[in-house]
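> predicted model and sequence follow; I will ask about them next.
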Amino acid sequence: NDRKKGNENSKNEQLEFFRVDDRGKKLTTNQGLKMSEDEFSLKAGERGPTLMEDFHFREKLTHFDHERIPERVVHARGFAAHGEFQVYKNMEKYTKAKFLQDSSVKTPVFVRFSTVNGSRGSADSVRDARGFATKFYTEEGNYDLVGNNIPVFFIQDAIKFPDLVHAFKPEPDNEIPQASTAHDTFWDFVANNQESAHMIMWIMSDRAIPRSFRMMEGFGVHTFRLVNDDGKAHFVKFHWKPILGVHSFVWDEAHELAGRDPDFHRRDLWDAIERGDYPEYELGVQILPEEDEFKFNFDILDATKIWPEEDVPVEIIGKMTLNRNVDNFFAETEQVAFHLGHVVPGIDFTNDPLLQGRLFSYTDTQLIRLGGPNFHEIPINRPVCPFHNNQRDGYHRQTINLGKVSYHRNSLAGNTPAPVSPEEGGFATYQEKVEGRKVRARSESFKDHFSQATLFWNSMSPVEKSHITEAFVFELAHVKSDSVKQQVVDMFANVNLELARTIADNIGVNPPKSGGSNVTKSSPALSQMNTVKK
Ligand code: HEM
């Protein structure tokens, strides 16, 4: 009971310790010295030069001069809120993760929504994927589910991520456009990296202009693993389903809002929470026994593929409620550090090559963004359970670690690793068997780029299809290179010939050659909804 009670409010209580209320207090320096004057610098004579001696002036200006930290290299513009998560039923059959077992435990969460390409000051309603990153402060440590609102990704291998982002961000010569897919390098990348076809169909759809963060799905995208107490593993895909349903803008609304209220999404979330209209999302899982790894006509390690829900239904297992706005945007929203490698016992990775690379990138970027190796001590990033290890020192260290021992193995401190057992809770990596030659290549099973893009197109209603077509035409009309436009049209003929022809007609390039030209063909086995191997 203590555990349950403690857990529910534990993050809030922890943050309480760090809150500072300056209201009604006398102004002091950082050293606590009360200052009698804060408007005029110390001068040699009333009209004379400012004196070096003015410690108050120097402290004030120096702090101001250093107020900015780098914005995130992607997902720079975001908005976050606190909340709680409660599992509906005991998932111990699949996972030993305690927060997915006890339905009476309310796990504190912090969720940051974001756009991907725009800078911190860009508009909310642009066409883009949205980040949906959740930090669960569990009693076994922080678990981060760092997802997007689209279930697939542009690329299959993390080594291409810098290329993708260099192509999608504003172009480097003039930093135009600020946040948009309507430019040459974006479409040049797409046409020359055709694994992006499926994701691009989603990006051209209304999913990429969500009505509200409260009306967006979230997806872990990758295939992860759940591991139970017996060491048995299942593959899993994570989903967030908004209780309000999925809603989008139409393109004209999105455009107008980008000018009229660039903060529309953050204002909408903030206001909803302030008036007690708390956003809710159910957590869903698609679970696949390990034996079924090769049951599909696609590779489950390929992040450009979904698992069709007809074949692997989404089981709803819990609910998250966002019920508190942040106290301070910088301290919380800006300083929060998500990372796929923040796992708890019972959740593990797979060999998805995109996932594997992400495991490197997040901490690496946060080391510079948050200024050194101790950013886990920043209030918003601290777990609610204690943490102990032999890491010491470094910039901005906050803790005062006692004793002399900061090494393993030792006989003096007894700070040993925890054994793997339900009581002790030690994490051990799932012992997956791996074998093969070292190769720098794409697996044959990753080579079908179009079948699921076609499935997506075929599943759209006539109105949705017309929105997708209009989006392609609008975005490509801004591309200067005719060659790039033609390549894109030829590429999307592999998804749907009619779609490609209509785009070509409207942007003044040649109609595509039937079924595409210089591109990988779709696998006939996948051309309809039949995705499970018979
Ligand atoms: C943020 C790298 C793919 C979701 C970031 C950041 C980096 C990064 C460096 C900035 C983190 C920070 O400064 O704190 C990568 C790499 C990827 C990749 C290398 C592929 C190889 C993905 C995918 C998803 C995703 C597939 C979704 C499933 C996010 C989200 C954030 C983010 C939601 C923002 C987190 C926040 O709100 O602070 N990514 N990313 N990324 N990424 Fe990725």
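All right, it came through fine.
> contacts and neighbour counts: CA atoms only from here.
Noted.
> now do the strands in the stretch 151-300 of the chain.
Here the stretch 151-300 of the chain has its strands, by DSSP state E, counting those that start in this stretch, at 218-219, 224-227, 233-242, 280-289.
> relative to strand 233-242, how tilted is the last one?
Following axes from the mean of the first three to the mean of the last three C-alpha atoms, to 10 degrees, one obtains 160 degrees for the angle between strand 280-289 and strand 233-242.
> pairing partners for strand 280-289, with directions?
Paired neighbours of strand 280-289 in the sheet (DSSP bridges): strand 233-242 (antiparallel), strand 315-325 (antiparallel).
> reformat these as CSV; add mean neighbour count and mean pLDDT.
Below are these laid out as CSV (neighbours: other C-alpha atoms under 10 Å; pLDDT from 0 to 100):
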stretch, mean neighbour count, mean pLDDT
strand 233-242, 23, 98
strand 315-325, 20, 98
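> so E290 sits right up against A233, yeah?
Yes. E290 lies in contact with A233 (C-alpha atoms under 8 Å); the separation is 6.8 Å.
> near the ligand, which residues of the chain?
Counting by C-alpha under 6 Å from any ligand atom, the chain comes close to the ligand at 72-75, 112-114, 131-133, 146-148, 153, 158, 161, 220-221, 337-338, 354, 357-358, 361-362, 365-366.
> narrow the residues you listed to those in strands?
Residues of these located in strands (DSSP state E): R112, F113, S114, G131, F132, A133, V146, G147, N148.
> export these as a markdown table, with columns for pLDDT and neighbour count.
As requested, those are arranged in a markdown table below (pLDDT from 0 to 100; neighbours: other C-alpha atoms under 10 Å):
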| residue | pLDDT | neighbour count |
| --- | --- | --- |
| R112 | 99 | 23 |
| F113 | 99 | 27 |
| S114 | 98 | 27 |
| G131 | 98 | 25 |
| F132 | 99 | 26 |
| A133 | 99 | 25 |
| V146 | 98 | 21 |
| G147 | 98 | 23 |
| N148 | 98 | 25 |
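> now, which of those residues sits nearest D229?
Taking C-alpha to C-alpha as the measure, D229 sits nearest to V146 out of these, at 24.7 Å.
> which ones are touching that closest one?
V146 makes contacts with G131, F132, A133, T134, G220, F338, H339, L340, as judged by C-alpha atoms under 8 Å, 6 or more residues apart in numbering.
> name the surrounding residues that touch whatever helix or strand H63 lives in.
When elements are assigned from DSSP states H and E, H63 belongs to helix 55-65. The contact list for helix 55-65 (C-alpha under 8 Å, 6+ apart) reads T29, N30, S41, L42.
> and the helices in the stretch 151-300 of the chain?
Secondary structure of the stretch 151-300 of the chain (DSSP state H, counting those that start in this stretch): helices located at 161-168, 184-192, 197-203, 251-260, 264-274.
> which elements pack onto the shortest one?
To tie it back to what came earlier, the one meant is helix 197-203. helix 451-458 (3 or more C-alpha pairs under 8 Å, 6 or more residues apart in numbering; DSSP states H and E).
> buried stuff in the helix it packs on?
Across helix 451-458, burial judged by 16 or more other C-alpha atoms under 10 Å covers S451, Q452, A453, T454, L455, F456, W457.
> distance from it to the middle of the chain?
Mean-position distance between helix 451-458 and its chain equals 24 Å (C-alpha atoms, centre = their mean, to the nearest Å).
> other SSEs contacting that helix?
Right, helix 451-458 is packed against helix 197-203 by 3+ C-alpha pairs under 8 Å, 6+ apart.
> so what touches the helix it packs on?
127-129, 150, 152-154, 190, 208, 304-305, 449-450, 452-454, 456-457, 468, 492, 495.
> sorry, back to before: quick one: which of the contacts of V146 is nearest to the ligand?
Relative to the ligand, the closest of these is G131; by C-alpha to the nearest ligand atom it sits at 3.5 Å.
> please name the nearest non-neighbouring residue to that closest one.
N148 (4.3 Å; C-alpha to C-alpha, 6 or more residues apart in numbering).
> mind listing the residues bridging to the one you found?
Beta-bridge pairing of N148 under DSSP bridges involves G131, F219.
> again with A80
Here A80 sits in beta bridges with R112, going by DSSP bridges.
> that one touches V109, doesn't it?
No. Applying C-alpha under 8 Å as the test, A80 and V109 come out as separate, 10.5 Å apart.
> which stretches of the stretch 301-450 of the chain form helices?
Counting by DSSP H, counting those that start in this stretch, the stretch 301-450 of the chain has helices at residues 353-369.
> low-confidence ranges in it?
Residue ranges of the stretch 301-450 of the chain with pLDDT under 70: none are present.
> that one: strands as residue ranges?
315-325, 347-348.
> burial count for T399?
10 (other C-alpha atoms under 10 Å).
> ok, and the closest non-adjacent residue to H339?
Nearest residue to H339 in three dimensions, chain neighbours excluded: Y362, at 5.5 Å (C-alpha to C-alpha, 6+ apart).
> could you check how many residues crowd around that neighbour?
Using other C-alpha under 10 Å, Y362 has 15 neighbouring residues.
> got a list of what it touches?
F338, H339, L340.
> do you know how far the residue nearest to E377 when sequence neighbours are not counted is from N117?
Spatially, and ignoring its direct neighbours in sequence, E377 is nearest to Q398 (6.9 Å; C-alpha to C-alpha, 6+ apart). Distance, Q398 to N117, using C-alpha to C-alpha, to the nearest Å: 34 Å.
> D206 too?
Distance from D206 to N117, by C-alpha to C-alpha: 17 Å.
> more neighbours: which of these two?
The neighbour count for D206 versus N117, taken as other C-alpha under 10 Å, is higher for N117 (25 against 21).
> doesn't T181 make contact with that one?
No. N117 is beyond contact range of T181, at 9.1 Å (criterion: C-alpha under 8 Å).
> identify the contacts common to those two.
Common neighbours of N117 and T181 (C-alpha under 8 Å, 6+ apart) are D128, F168.
> tabulate the strands of the stretch 151-300 of the chain (CSV), appending distance to H265.
As requested, the strands of the stretch 151-300 of the chain are exported to CSV (distance: least, C-alpha to C-alpha, whole Å):
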stretch, distance to H265
strand 218-219, 16
strand 224-227, 30
strand 233-242, 15
strand 280-289, 16
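> out of those, nearest to V479?
Nearest to V479, of all those, is strand 218-219, at 30.4 Å by C-alpha to C-alpha.
> who are the packing partners of that closest one?
strand 141-148, strand 233-242.
> what about A303, neighbour count?
25.
> ok, now how distant is it from D490?
Relative to D490, A303 is positioned 24 Å away (C-alpha to C-alpha).
> for S41, same thing?
67 Å.
> neighbour count: these two, which is higher?
Legend: neighbour count by other C-alpha under 10 Å for S41 and D490, higher for D490 (26 against 15).
> that's a helix at that one, yeah?
Yes. Checked against DSSP: H, G, I helix; E, B strand; the rest coil, D490 lies within a helix.
> that one reaches A504, doesn't it?
No. Using C-alpha under 8 Å, D490 makes no contact with A504, being 9.0 Å away.
> what sits against Y395?
Neighbour list for Y395: G371, G372, P373, N374 [criterion: C-alpha under 8 Å, 6+ apart].
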